[in-house]
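1. please work out how this folds:
(one chain, ligands or ions: 1)
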Amino acid sequence: MSERPFESLSSRIDARTAVVGVVGLGYVGLPLAVELARSGYRTIGFDTKQSVVDGVEAGRSHVQDVSSDIVGAFVGEGLLSATEDLKRLSECDVICICVPTPLNKTKDPDLSYVVASAHAIAHGLRPGQLVILESTTYPGTTREVLLPVLEEESGLRVGEDFFVCFSPERVDPGNPVWHTRNTPKVLGGITPACRDAGVSIYETVFDTMVPVESAEAAELVKVYENTFRMINIALANELAQACDKLKVDVWDVIEAAATKPFGFMKFTPGPGLGGHCIPLDPHYLSWKMRTLAFKTRMIELASEINAEMPAFVVKKVADALNEDAKAVKGSKVLVLGIAYKKDIDDLRESPALGIVQLLEEKGADVEYHDPHCPVIADDGHTPLCNLPMSSVALTDEVIAGADVVLIVTDHSVVDYARVARLAGVVVDTRGVMRGVHANGRVEGMSGPVGLFAPPALRREA
Ligand SMILES: NC(=O)c1ccc[n+]([C@@H]2O[C@H](COP(=O)([O-])OP(=O)(O)OC[C@H]3O[C@@H](n4cnc5c(N)ncnc54)[C@H](O)[C@@H]3O)[C@@H](O)[C@H]2O)c1
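-> Next up is the predicted model:
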C-alpha cells in the first residue's frame with residue numbers, strides 16, 4: 001500500500017527533500033523563501049511580475065532586508081529559483097501564499113490575489129500537499145475563501161488528502177533585531193492534522209513555533225496585534241494634540257511615563273499611519289465584524305484620529321509660517337523623509353504623501369529629501385500633482401533656502417544637528433530635534449521644541 005499523504009509529506013520534510021513554493025516574492029515572500037532555502041529546502045518562488053522573477057533568477061534582491069549576496073548564493077546552489085509559471089506549483093510539497101491583501105476604496109478587503117493563487121494551486125493540487133496562507137486577512141478567510149476553491153476544484157479532502165494552515169507573517173521591515181527566522185511563528189490549521197503538518201515544516205525554519213487552536217485564531221492574532229498598535233498610536237497622537245493645547249511637551253510626558261517598569265508600553269505620536277499593515281489590517285477585522293452586525297468602535301475612532309494627523313501637521317506648518325508673516329502659498333517647504341518609517345524605502349500608505357498633497361493643494365512649493373526613496377513615481381495611486389518627484393540633495397543652500405523644513409520621517413542618516421544649524425524654521429513631527437541646539441525656531445507636535453531633553457537625547461549643533 002502506498003504511504004498516506006501525511007506520512008509521505010512528513011518524511012519528505014524530515015529528509016529535506018520536500019520542495020517548497022512561495023507565491024508572491026515581495027517584502028514577505030522573498031525573506032521567507034530565503035529562510036526556507038537556508039533550511040535546506042529546494043524553494044521555488046512564484047511571481048506574476050516578470051521583473052521580480054528575472055531579478056531573483058539573476059541573484060538580485062529587490063527587498064531591503066534581504067541581501068543580493070544571499071539570494072545569489074542560494075540561486076547558485078540550486079536551492080532557490082523563481083518563475084512566473086504557476087503550473088509548476090504542482091511540483092511543490094508545501095506552498096506558502098504571500099500575495100497582497102489590499103483594501104479597496106471603500107475599505108473592504110480585496111482578496112482577489114488570494115483567490116487567484118487558490119485557483120492556480122487547485123489546478124494541480126495533489127495528495128500530500130500543504131498550503132499555508134501568510135497574507136494578512138480577516139478571521140475566516142482560510143476556511144471560507146481559500147479552502148472551498150482547493151476542495152471543490154480538486155475533489156480532494158482537507159486534513160486527509162491535503163493540508164491547509166494560516167500562519168501570519170510578522171516581518172517588521174528594517175528591524176535590526178527581529179527578522180523572519182527569530183520572530184516567533186504563529187500557526188493554526190483547518191484541522192489538527194493540518195496544524196501538525198504546518199508545524200512540522202516551520203519548526204525547521206523558525207526558532208520558535210506558536211501553534212494555536214485554529215486557522216481563525218491565527219488570523220485573528222495578526223489583526224489583533226496590528227489593531228493594538230494602531231489604537232495605541234492613535235492614543236499617542238491624541239495625547240500630542242492635547243499637549244499642544246496644554247502647552248506641555250508630549251515627548252517629555254511619554255518618555256517619563258515609559259520609565260514605569262510595569263503596566264505601560266511606549267508608543268509615540270507622528271504624522272500619521274503608514275505601511276502595508278497598521279493602517280489596513282484593523283479594517284479587515286471591522287469589515288468581518290460588520291458582516292456579523294458588530295461594530296468595532298475602538299478601531300473606527302482610532303482610525304479617525306490617525307487619519308487627522310496629516311492635516312494637523314500641515315496646520316503646524318501653516319502656523320509656523322504665520323509666525324513669520326508668510327502664507328503657505330508660495331512658501332518653500334522642504335520635507336525630510338518620505339518613507340512611511342525610518343530607515344526603510346517603503347512608500348506604501350506613507351503619511352508624507354498626504355502631507356505633500358495637502359501642502360501642494362495650498363500652493364506650497366514642496367521639495368523632499370529621502371536617501372531611501374530617490375524618486376516618487378506616478379503609479380496611479382500616488383495623489384501628488386508634480387510626479388515624478390525626485391529627492392533633492394541636502395545641501396546647505398537647500399536647507400537654508402526653505403521657509404520651513406518639515407521632518408516627517410526620522411531617517412538615521414540625516415544629520416539633524418546640521419539641519420538645526422542651517423534652517424530658519426523646523427517643524428519636527430518625530431521628536432528628533434529635542435535637545436538639539438538650533439539657530440532658528442523648532443516647532444514640535446505640541447509647541448516649540450526646547451533644549452530640555454534627557455541626557456541621552458542631547459545633541460550638540
Ligand atoms: N510588508 C510587510 O511588512 C508585511 C508584514 C506582515 C504581513 N504582510 C502581509 O503579507 C502579504 C504580502 O505583503 P507584501 O508586503 O510582501 O506584498 P508585496 O506587494 O511586497 O509582494 C507581493 C508580491 O506578490 C506578487 N503577486 C501578486 N499576485 C500574485 C499571484 N497571483 N501569483 C504570484 N505572485 C503574485 C506581486 O507581484 C508581488 O511581487 C500581505 O497580505 C501583507 O498584508 C506584510
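2. if I look at residue 101, how far off is the ligand?
-> Using CB to the nearest ligand atom, to the nearest Å, residue 101 is found at 4 Å from the ligand. Placement of C-beta: from N, CA and C, glycine included.
3. the closest residue to that residue other than its chain neighbours: neighbour count?
-> Once flanking residues are discounted, residue 101 sits nearest to residue 135: 4.5 Å by CB to CB, 6 or more residues apart in numbering. Here the number of neighbours of residue 135 (other CB atoms under 10 Å) works out to 25.
4. could you do residue 439 as well?
-> 12.
5. about what we covered before: separation between the residue nearest to residue 101 and residue 96?
-> For residue 135, the distance to residue 96 equals 10 Å [CB to CB, to the nearest Å].
6. just to be sure, the residue nearest to residue 101 is in a helix?
-> No: under DSSP: H, G, I helix; E, B strand; the rest coil, residue 135 falls outside any helix and is assigned coil.
7. so residue 44 makes contact with residue 21?
-> Yes: with contact defined as CB atoms under 8 Å, residue 44 counts as touching residue 21 (5.0 Å).
8. any shared contact partners between these two?
-> Shared contacts of residue 44 and residue 21 (CB atoms under 8 Å, 6 or more residues apart in numbering): 88, 91, 92.
9. which residues touch the first one?
-> Which is residue 88. Contacts of residue 88 by CB under 8 Å, 6+ apart are 21, 44, 46.
10. low-confidence bits of the chain, can you list those?
-> For the chain, the stretches with pLDDT under 70 are 1-2, 381-383, 451-461.
11. residue of it closest to the ligand, please.
-> Using CB to the nearest ligand atom, the closest approach of the chain to the ligand is made by residue 26 at 1.8 Å.
12. and that residue, how far from residue 49?
-> In terms of CB to CB, residue 26 sits 9 Å off from residue 49.
13. those two: which has the busier surroundings?
-> Just comparing residue 26 and residue 49: by other CB under 10 Å the higher neighbour count belongs to residue 26, 16 against 13.
14. how does this structure divide up, domain by domain?
-> Using automatic domain parsing, the domain ranges for the chain come out as 5-213, 223-305, 308-457.
15. tell me the SS of the residue nearest to residue 111 when sequence neighbours are not counted?
-> Excluding the flanking residues, the one nearest residue 111 by CB to CB, 6+ apart is residue 145, at 5.7 Å. Recorded secondary structure, residue 145: helix (three-state DSSP).
16. burial measure for residue 145, as a count.
-> Neighbours around residue 145, by other CB under 10 Å: 17.
17. what sits against it?
-> 111, 114, 115, 118.
18. let me have those in CSV, extended by distance to residue 362, neighbour count and secondary structure.
-> Listed next are the contacts of residue 145 as CSV, based on distance: CB to CB, whole Å; neighbours: other CB atoms under 10 Å; DSSP: H, G, I helix; E, B strand; the rest coil:
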residue, distance to residue 362, neighbour count, secondary structure
111, 38, 21, coil
114, 40, 23, helix
115, 42, 14, helix
118, 46, 24, helix
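19. good, we can wrap up now.
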